[in-house]
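Participant: Pasting the sequence and the predicted coordinates here, then a few questions.
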Amino acid sequence: MVSIALKGEPVKLPACRQALRGGLAAWAVVILALPLWPQNVPSGEATSGVRLQLRLTVPATKFHQGELIPLELSYTSDTPKRYQIETSLQRICGQGPAQFIVTPSESTHDPERTYRASTGGGCGGDFATGIGWLSPTPAKVPAILNEFIAIDRPGHYHLEVISRQVSDADGSVSRPVPLTLQSNQVQFEIVAADPVWQRAEINHIRDVLDHTPPSDGFFPGTPRTDAVEALRFLTSEDAAREMARRLRGEESSVDFEYLLGLVDSPQRAAATYEMNELLQDPDFPVSDRFFQTLGILALDPQGYSGKMPDLRGEHERALRERLLDALPIKRGKALAASLATVIGERISLPPDETRALIAPMLSSFAQLPPELQIAWLQDQWAEAKGPEWLPVVRAIATRYQDFPEPREVHAWQSLQLRGAALRDWYELDPAGAREAVITEVTRARPRYDASVLGLLPDPTLPEAEGLLAENFLAAEDYEIEGKLASLLLRYADGEVLPVVLPKIEDKVGTWACEPQGRILAFALKAEPETAKPLIERALAARGPHSSACRHTVLTEVAQLQPSPSLEEIAIPALDDPDPELAANAAAYLGEYGSAGAEQSLWQHFQAWSQRWNGRAGELRFVFGSENSNAAEVGRGEALAHALATGVGWLADESMLRRLIALAVTPNMKQQLENDEADWERRPMAITAFSTRPLSFSLAQYNLRSLEELKTKLGEFPRGAAFRWSGYGSPEERQTFQDISEFASKNGLMVSVADPN
């Protein structure tokens, strides 16, 4: 992640744009707290020995206006394993760890200024997606200057970088310290865009985009991605019209590029005219991103003020009415996509009018992109459902394509789509869909687990239990075992446990986590006295053939089948020499344990704190570096978190202060202080979340159900006051009434939060 300074304002640089399109893997995302830039920026090279070299990666130094300018930042250090570099960062509307400084700056601007202003300016932070160590071998970070700065006029320019992308990870400090590094200067010239060159460029871009298949992500360095980026920054009217025509919602990974290109194009008038024409085109799909882009184009790009979000809202309200007026002329795929945008924008339509629009769209529903079909059958289903959908969802649910690799994206989409169709079919026609559900349940290799197939009202399926058990015994693929185990848990009773028990006894401790957790939950449901020693064996498994699933088995089983037997296993497990297992035992006792577990947690946390007191440096975590004590950090944090947020007791201010006094690491202390701060806000906040079922937060607690919320409220002293906030659905309003009555009976006070 890099940013550019224009007239004193830092602007973020998206060095890795793929994460924004496809989502960031949870394990790879770390939020960085970055300091403000100093007014005078000294070089860190003299004291650190770290060097930053900036260069153009093409021989040319003369570029057409709108031509891509590729760069490379190269970092080296003579001291290995000391200095860390953020190898790939995602920009999300905040200051990044480097500045690009272009002079003269009067003819330049931030290419995302209008977009960011239209959102209010701040929309997140910076996310590290890779950490590496510097060495004498250069660590190279590629960049495209156009993504960070737009150059408005021809001329000669100088560029340098001031970077805080490198940190000193010397073990004598509690956390890596960013260095300030200054690069060399590079020079280049911008010349007026030659119309002949522009036509050649647009023809090449069209050829690439028309003859390469859409990808599942925005992957730098591919011909298609290069063509999209080139189109975004090309400054001709043809480029603006081309982006508008390609903004169809059919390739979501690049739609954001087209949005940014259109709202910063010098040909905004041509872009706006083309998009208005497309809005009325019967065969053009109006996607969410198209709608958003046209709303921003209506803004004055010079109106760089805090009023732009409000102005954008006014433009979008008018645009909604125009989109509604255009719906009757849309047809086929274009109608389906445009109608999905209408519903996604929550435009109020009478139910009969909505159904009148949906009916002609359904005939071409199968032609829609899979992600849009999934959106209709999942996200928009509550608003769109009706009897006219029955033939469509039935056909989708009963049509399945086998894929050689079930984890491949198209296979995943197919399963998502057909699973959603099966659920919707059952909702519309339970009697008609029942046989299809049971057929899926009894397949030797079921396509779904109980999250899809568990929708029948029957507590058990006697006609399917025996076949489920037989299929489970015959299965050798762990994914199929996991699906069958979940179906046994959902629909079988204790009578088939003896049938599957030999396989459980043979594989427990060596199994993959999903089938093991699910089948142990089934055993716990069927016969707790039989399941308890099996779970203890899973925890005790060691050696080369054992799986690491002992580290999660307690919480995995509890999520599926809570039982007092698990607490009897978890309390002794706090003493396990495997710190990850002990941490999972603590996590279980915090999430599910009774009040009787609190004392054991205290004893173990106090012992852990005493052992590590004064040794915080040994627990210090550094990205990209191994720490042999990392599991011990996890044990201590799990114990502290369990005590601070346990469902079986109330961790009030006094208890939180005791925990803070025992905290060893800075992160642990900070989290506990954040929990304590929740108690300083009076009345204390209760927030309802639109999950299924509803979930809630109360002070430092995350509560998964209404019953958990009531239990926790019942632990507060009489006279305690709370402020309720939610999202306003009928279910949430009814829940508030329920909680108000409960609070009144228990001497508590709950009021509705002021929406302002």
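Facilitator: That came through fine. These numbers were taken from a predicted model, which means no experiment stands behind them. Residues are numbered from 1 along each chain as shown.

Participant: C-alpha from now on. contacts and neighbour counts both.
Facilitator: Fine.

Participant: dump the residue contacts of residue 426.
Facilitator: With contact taken as C-alpha atoms under 8 Å, 6 or more residues apart in numbering, residue 426 is in contact with 432, 433, 434.

Participant: Give me the contacts around stretch 321-332.
Facilitator: Against stretch 321-332 from outside (C-alpha under 8 Å, 6+ apart): 279-284, 335, 338-339, 342, 357, 360-365.

Participant: And the buried ones among the residues you listed, selectable in PyMOL?
Facilitator: The PyMOL command for the buried members of the contacts of stretch 321-332 (criterion: 16 or more other C-alpha atoms under 10 Å) is given here:
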select buried, resi 279+280+281+282+284+335+338+339+342+357+361+362+365
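
Participant: Report pLDDT for the residue with the largest distance to the centre of the chain.
Facilitator: The outermost residue of the chain relative to its centre, with distances by C-alpha atoms, centre = their mean, is residue 196 at 43.7 Å. According to the prediction, residue 196 has pLDDT 96.

Participant: So it belongs to a helix, correct?
Facilitator: Yes - counting by DSSP: H, G, I helix; E, B strand; the rest coil, residue 196 is part of a helix.

Participant: State the distance from it to residue 204.
Facilitator: 12 Å (C-alpha to C-alpha, to the nearest Å).

Participant: Same question for residue 140.
Facilitator: When residue 140 is compared with residue 204 (using C-alpha to C-alpha), they lie 29 Å apart.

Participant: what's the answer for residue 198, then?
Facilitator: 10 Å.

Participant: Comparing those two, which shows the higher neighbour count?
Facilitator: Taking other C-alpha atoms under 10 Å, residue 198 and residue 204 do not tie; residue 198 has more neighbours (21 against 14).

Participant: Compute the number of surrounding residues for the closest residue to that one other than its chain neighbours.
Facilitator: Once flanking residues are discounted, residue 198 sits nearest to residue 236: 7.0 Å by C-alpha to C-alpha, 6 or more residues apart in numbering. Look at residue 236: counted by other C-alpha under 10 Å, it has 21 neighbours.

Participant: My guess is residue 236 contacts residue 196. True?
Facilitator: No - using C-alpha atoms under 8 Å, residue 236 is not in contact with residue 196, being 11.1 Å away.

Participant: Let me know the helix or strand that residue 55 is in.
Facilitator: Taking DSSP states H and E as the criterion, residue 55 maps to strand 50-56.

Participant: in this protein, what spans have low per-residue confidence?
Facilitator: Across the chain, the ranges flagged by pLDDT under 70 are 1-48, 88-96, 121-130, 171-175, 216-218, 303-305, 344-349, 621-626, 754-756.

Participant: returning to that earlier point: past the strand holding residue 55, which element shows up next along the chain?
Facilitator: Using DSSP H and E, the helix or strand that follows strand 50-56 in sequence is strand 62-64.

Participant: What is that following strand packed up against?
Facilitator: With contacts taken as 3 or more C-alpha pairs under 8 Å, 6 or more residues apart in numbering; DSSP states H and E, strand 62-64 sits against strand 186-191.

Participant: Just give me how far the strand it packs on sits from the chain centre.
Facilitator: 40 Å (C-alpha atoms, centre = their mean, to the nearest Å).

Participant: buried ones in that strand?
Facilitator: Buried residues in strand 186-191, defined by neighbour count with 16+ other C-alpha under 10 Å: 186, 190.

Participant: Please report the number of neighbouring residues for the nearest residue to residue 417 once chain neighbours are set aside.
Facilitator: Distance criterion C-alpha to C-alpha, 6+ apart; nearest residue to residue 417, sequence neighbours excluded, is residue 374 at 5.2 Å. Taking other C-alpha under 10 Å as the criterion, the count of residues near residue 374 is 21.

Participant: What lies in contact with the helix or strand harbouring residue 374?
Facilitator: Using DSSP H and E, residue 374 maps to helix 370-377. Helix 370-377 is contacted from outside by 337, 340, 365-366, 381, 384, 413-414, 416-417, 420-421, 424, using C-alpha under 8 Å, 6+ apart.

Participant: export those residues to CSV and tack on secondary structure?
Facilitator: Formatted as CSV, the contacts of helix 370-377 follow (three-state DSSP):
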residue, secondary structure
337, helix
340, helix
365, helix
366, helix
381, helix
384, helix
413, helix
414, helix
416, helix
417, helix
420, helix
421, helix
424, helix
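
Participant: Residue 388 belongs to a helix?
Facilitator: Yes - applying three-state DSSP, one finds residue 388 inside a helix.

Participant: what angle do the strand holding residue 55 and strand 186-191 make?
Facilitator: If you take axes from the mean of the first three to the mean of the last three C-alpha atoms, to 10 degrees, strand 50-56 sits at 20 degrees to strand 186-191.

Participant: Sketch out the helices for the stretch 651-756 of the chain, chain order is fine.
Facilitator: 653-662, 666-678, 706-713, 730-745 (DSSP state H, counting those that start in this stretch).

Participant: Can you name the residues in contact with the last one?
Facilitator: Meaning helix 730-745. 688, 690, 694, 706, 710, 713, 724, 726, 749, 750.

Participant: Redo the residues you listed as JSON lines? Include neighbour count.
Facilitator: Supplementary listing: the contacts of helix 730-745 in JSON lines, determined by neighbours: other C-alpha atoms under 10 Å:
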{"residue": "688", "neighbour count": "22"}
{"residue": "690", "neighbour count": "14"}
{"residue": "694", "neighbour count": "15"}
{"residue": "706", "neighbour count": "17"}
{"residue": "710", "neighbour count": "15"}
{"residue": "713", "neighbour count": "21"}
{"residue": "724", "neighbour count": "19"}
{"residue": "726", "neighbour count": "18"}
{"residue": "749", "neighbour count": "19"}
{"residue": "750", "neighbour count": "22"}
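
Participant: Now go through these and say which are in strands.
Facilitator: 688, 724, 749, 750 (DSSP state E).

Participant: The nearest residue to the third one once chain neighbours are set aside: neighbouring residues, count only.
Facilitator: The spatially closest residue to residue 749, leaving aside those adjacent along the chain, is residue 721, at 4.6 Å (C-alpha to C-alpha, 6+ apart). With neighbours defined by other C-alpha under 10 Å, the count for residue 721 comes to 17.
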